[in-house]
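Engineer: Sequence below, structure please.
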Amino acid sequence: MRVLDAGHCYELASLDGDLVQQLQFVKREGGGYPGNVGRYPGTTSQEVLRALIHRAAYVNNQIPCWQTRLSLYLMGAVIWLYEHRAAKRHKREVPGLYEAVYGVTCENCGHVGCEGCERTPEARKESK
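Structural biologist: Residues are numbered from 1 along each chain as shown. Next up is the predicted model:
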């Protein structure tokens, strides 16, 4: 793994070929994002964890083991912790574990349990 933009963009090792894998997290500026300079689209940690959960479930279906089953639960718990933090920051009800992992995510803020998110594209422009 190589850091391209701390906290936001990474180059990941790739096996069985020369293809470079890049992982880019959303980068925003404004009061809610202290220290960020610049902005670009990307994913969230929760979405990456959801992909890892899907991958682990697939692999566990091939060769089941307790370590992978436990990792599925632990990755779900990490997503729930992130969603718990977001819900408290935005004064929303904290989602349950299942909803945090498998619930519908907001297209503006990326969190679950968000109805009528204030983080519309217009609100993001105003927070500059």
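Engineer: And stretch 20-31, what's buried?
Structural biologist: Residues of stretch 20-31 classed as buried: 25, 27, 28 (neighbour count, 16 or more other CB atoms under 10 Å). The C-beta positions use only the backbone N, C-alpha and C, and glycine is treated the same way.
Engineer: Name the nearest residue to residue 77, ignoring sequence neighbours.
Structural biologist: Nearest non-adjacent residue to residue 77, counting by CB to CB, 6 or more residues apart in numbering: residue 97, 7.1 Å away.
Engineer: so what's the backbone phi/psi at that neighbour?
Structural biologist: In terms of degrees, to the nearest 10, the main-chain angles of residue 97 are phi -60, psi -50.
Engineer: Number of residues surrounding it?
Structural biologist: The tally of other residues near residue 97 (other CB atoms under 10 Å) stands at 14.
Engineer: any idea which of the buried residues of stretch 20-31 is closest to residue 48?
Structural biologist: Using CB to CB, residue 25 is the member of these that sits closest to residue 48, with 8.2 Å.
Engineer: give the contact list for the closest one.
Structural biologist: Residue 25 sits next to 7, 8, 9, 42, 43, 44, 45 when contact means CB atoms under 8 Å, 6 or more residues apart in numbering.
Engineer: switch to 10 Å and redo it
Structural biologist: By CB atoms under 10 Å, 6 or more residues apart in numbering, the contact list for residue 25 reads 5, 7-10, 40-45, 47-48.
Engineer: buried subset of those?
Structural biologist: For those, a neighbour count by 16+ other CB under 10 Å gives the buried set as 8, 9, 10, 42, 44.
Engineer: Among those residues, which ones are in strands?
Structural biologist: Judged by DSSP state E, these include 9, 10 as members of strands.
Engineer: I'd guessed residue 75 sits against residue 101; true?
Structural biologist: Yes. The pair residue 75 and residue 101 qualifies as a contact (CB atoms under 10 Å) at a distance of 8.2 Å.
Engineer: Now the common contact residues for these two.
Structural biologist: Overlap between the contact sets of residue 75 and residue 101, as judged by CB under 10 Å, 6+ apart, is given by 49, 50, 53.
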